[in-house]
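Peer 1: pasting the sequence and the predicted model now:
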Amino acid sequence: KNLQLRMAIVGTMKAGKSTVLNATIGRDLLPSRNSAMTTLPTEIIFKHNITEYQLVLSVDLINSINEICEGIKRITQEYRKQSDGKDTLLRHLGNQQQLLTVIEETENSKNHLETRTTDEQDIQKILTYINDIVRISNLFEVNNDLIENNILPRLEVPASIIDKDNNHHIYDGELILVDTPGPNEASLSNHLREVVVNELRKAALILVVLDYTSLNSEAEDEIKRNIETIRVVSEDSDNPNSNNQLYALITKIDNRDEKKDMNSEETKKYVTAKFSIAEQNVHEISGKQALISKSFLNEYKSLFGENNSVRLQERDDFRKMKTFNMFIRLALGSSWKQTLQFLDVPTIKTIGENILEKSGFENFL
């Protein structure tokens, strides 16, 4: 029997949900934006028998997206007939220029979806495109009822990425994370809201991502609405442990002012009291530190293995790493150029491992 553990991930806008998911998979693949990004649930499946990341789209999903695009084209062509059509179109899109760009690309048939994609930059572009198309269809009330739970985008990830000891059989079956819009997301159509609700019902665990900097603010109203909706959905499910399936992950704790703000224990107690989530189910991390350090360590290992014998400044390839600039600035600060010349490979790796440990992410996993 193929065992599966499903965890749905829900977060308010800017809570850092995409950062948490990208840190978990060790790559910056899931799209993020200052405005709400996720409009369609995406499955992230950790598989034992693969060594590379791949985005899998069913033929039915591709056909559905293409049909939605045709519906969008028909509507936007009517706007184009007006003298101020482009401006009117942009206003209807909430002045989101990136959505207008997607419409223009769709009109020019620039995007072609494949059933399998392994290039990491292409994976992020495709997921961004699909979510934007669905968002546009919601704004223009284009029918997207063809999208069902069984044809959602699926990102397959090597299971070894979440096992620091490289034991490919740390668990049996598949771990599935589901990147999910909030059940009260304003831009969702009625049909897609039901798709989201079905995902929440299927999940054995539900993780609510909370922004530390938004606690005790007006944003709590949205958080409360989402949590209450999730509770109603969970109580309707067949899960006998629905009361214990809700977890909270507090992000952006690197913004904590140790002198003025709540400490870790106080924060957990606050979330427990405010949202009625069991204290043992409340965790906190720095998603940014986790994503940057884990991405760096994963890329380093893929390029250099365990080779620590060469002085850092003598290895030109090191500076060519995709993650080099972001990591080294996080690790060494503004004086990184001066400091780097005095560090050897074991030291720089240790710094990365220490940052990952400090982020709280490994303990959470």
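Peer 2: Thanks, I have the structure now. Numbers count the residues shown, from 1 in each chain.

Peer 1: all contacts plus neighbour counts: C-alpha atoms, from now on.
Peer 2: Will do.

Peer 1: chain center to the host helix or strand of residue 193, what's the gap?
Peer 2: In this assignment (DSSP states H and E), residue 193 forms part of helix 190-202. Put simply, helix 190-202 sits 18 Å off its chain's centre (C-alpha atoms, centre = their mean, to the nearest Å).

Peer 1: in the helix or strand encompassing residue 294, what counts as buried?
Peer 2: Element membership of residue 294, judged by DSSP H and E, is helix 287-304. Within helix 287-304, the residues that count as buried by 16 or more other C-alpha atoms under 10 Å are 287-297, 299-300.

Peer 1: try stretch 114-124
Peer 2: Counting neighbours by 16+ other C-alpha under 10 Å, stretch 114-124 gives 117, 120, 123, 124 as buried.

Peer 1: residues in contact with it?
Peer 2: Under the contact criterion C-alpha atoms under 8 Å, 6 or more residues apart in numbering, stretch 114-124 has outside partners 28-31, 52-59, 62.

Peer 1: circling back: tabulate the buried residues of helix 287-304 (TSV), appending distance to residue 216 and pLDDT.
Peer 2: Listed next are the buried residues of helix 287-304 as TSV, based on distance: C-alpha to C-alpha, whole Å; pLDDT from 0 to 100:
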residue	distance to residue 216	pLDDT
287	20	91
288	22	92
289	24	93
290	25	93
291	26	92
292	28	94
293	29	94
294	30	92
295	32	91
296	34	92
297	35	90
299	38	87
300	40	86
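
Peer 1: now the helices: where do they sit in the stretch 1-150 of the chain?
Peer 2: 17-25, 59-80, 85-92, 97-107, 120-139 (DSSP state H, counting those that start in this stretch).

Peer 1: starting at the chain centroid, how far to the last one?
Peer 2: Here helix 120-139 is found 13 Å from its chain centre; the criterion is C-alpha atoms, centre = their mean.

Peer 1: run through the helices of the stretch 201-350 of the chain in chain order.
Peer 2: Going by DSSP H, counting those that start in this stretch, the stretch 201-350 of the chain shows helices at 219-235, 264-275, 287-304, 316-319, 324-332, 336-340, 345-358.

Peer 1: nearest to residue 154 among the ones you listed would be which one?
Peer 2: Taking C-alpha to C-alpha, helix 287-304 is the member of the helices of the stretch 201-350 of the chain nearest to residue 154, at 20.7 Å.

Peer 1: which elements pack onto that closest one?
Peer 2: In terms of contacts (3 or more C-alpha pairs under 8 Å, 6 or more residues apart in numbering; DSSP states H and E), helix 287-304 is packed against helix 17-25, helix 324-332, helix 345-358.

Peer 1: circling back: out of the contacts of stretch 114-124, the closest to residue 112 would be?
Peer 2: Nearest to residue 112 out of these is residue 62 (C-alpha to C-alpha; 9.1 Å).
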